[in-house]
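Asks: This is a predicted model, with the sequence first.
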Amino acid sequence: MTNRQLVHIVDDDLSVLHSTGFMLRHAGFDVAEFESGSAFLKIAETTEPGCVLLDMRMAEMDGLAVQREMLDRDIAMPVIILTGQGDIDTAVQSMRLGAANFLEKPYQKEFLLEALTEAFALRESQHLRLIAVSRAIGKAAMSCASGPAECGTLKLSMQIWSFTRAATILPCVRHGKCKSRRTSSLRKLSE
């Protein structure tokens, strides 16, 4: 994993979009700016992962809809919600959808930088857990050639991978979608 910290800013208010981008570039972040949620979602599955600064109130597609679409597509990037009209219900909904943080506009630069630092630390820890699980699965796959007992170890490793990936990578755990995905995966593994 590189030390590059890419922030995807999604906001339909162009003055906020550009000023936030300028401030973050000046603070040392790489920045990609998007004027709508749909513009971001068009590239989200193929772009370099990073952190998403997501405006809650946008004309075309609001922040909650963007978060839901990210979950549906298994796009696992930390999301920080930015909103000018913060209310408790919206904050709770966004956190249930996996938001790493929720900041009200106008935000203080220090709070935004702290939220980004925490979000990138979360992304890094998830990445390190993935590497450890991948190595364990790789070892089990290599030993599978030795006999049926080792193949059982591989099957168990794959089950652990399913649960670990869902629990540490996908924000859909809080969204409630992973339970059916895990069950389906485990059913296929046991066949």
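Replies: That came through, no problem.

Asks: I'd like the domain boundaries of the chain, if you could list them.
Replies: Domain assignment for the chain by automatic domain parsing gives 6-123, 125-190.

Asks: in this structure, which spans are strands?
Replies: For the chain, applying DSSP state E gives strands covering 6-10, 30-34, 51-55, 79-83, 101-104.

Asks: Residues in contact with the fourth one: which ones?
Replies: Taking CB atoms under 8 Å, 6 or more residues apart in numbering as the criterion, the residues outside strand 79-83 that touch it are 11, 16, 20, 51-57, 63, 67, 70, 90-91, 94, 97-105, 107, 112, 115-116, 119, 171. C-beta here means a position set from N, CA and C on the backbone, and glycine is covered the same way.

Asks: and if you look at the third one?
Replies: By CB under 8 Å, 6+ apart, the surrounding residues in contact with strand 51-55 are 5-13, 16, 20, 37, 40, 63, 66-67, 70, 77-83, 99-100, 112, 116, 119-120, 123.

Asks: worst-scoring helix or strand of this structure, pLDDT-wise?
Replies: Sorted by mean pLDDT, DSSP states H and E, the helices and strands of the chain end with helix 172-175, the least confident at a mean of 43.

Asks: residues contacting the nearest residue to residue 36 once chain neighbours are set aside?
Replies: The shortest distance from residue 36 to any non-neighbouring residue, by CB to CB, 6 or more residues apart in numbering, is to residue 60 (4.8 Å). Neighbouring residues of residue 60 by CB under 8 Å, 6+ apart: 12, 36-38.

Asks: Pull out the buried residues from these.
Replies: 12, 36-37 (16 or more other CB atoms under 10 Å).

Asks: wait, which of the residues you listed is closest to residue 26?
Replies: Checking the buried ones among the contacts of residue 60 against residue 26 with CB to CB, the nearest one is residue 12 at 22.7 Å.

Asks: number of nearby residues for the spatially closest residue to that closest one that is not a sequence neighbour?
Replies: Leaving out its chain neighbours, the residue that sits closest to residue 12 by CB to CB, 6+ apart is residue 58, at 4.3 Å. Counted with other CB atoms under 10 Å, the neighbours of residue 58 add up to 19.
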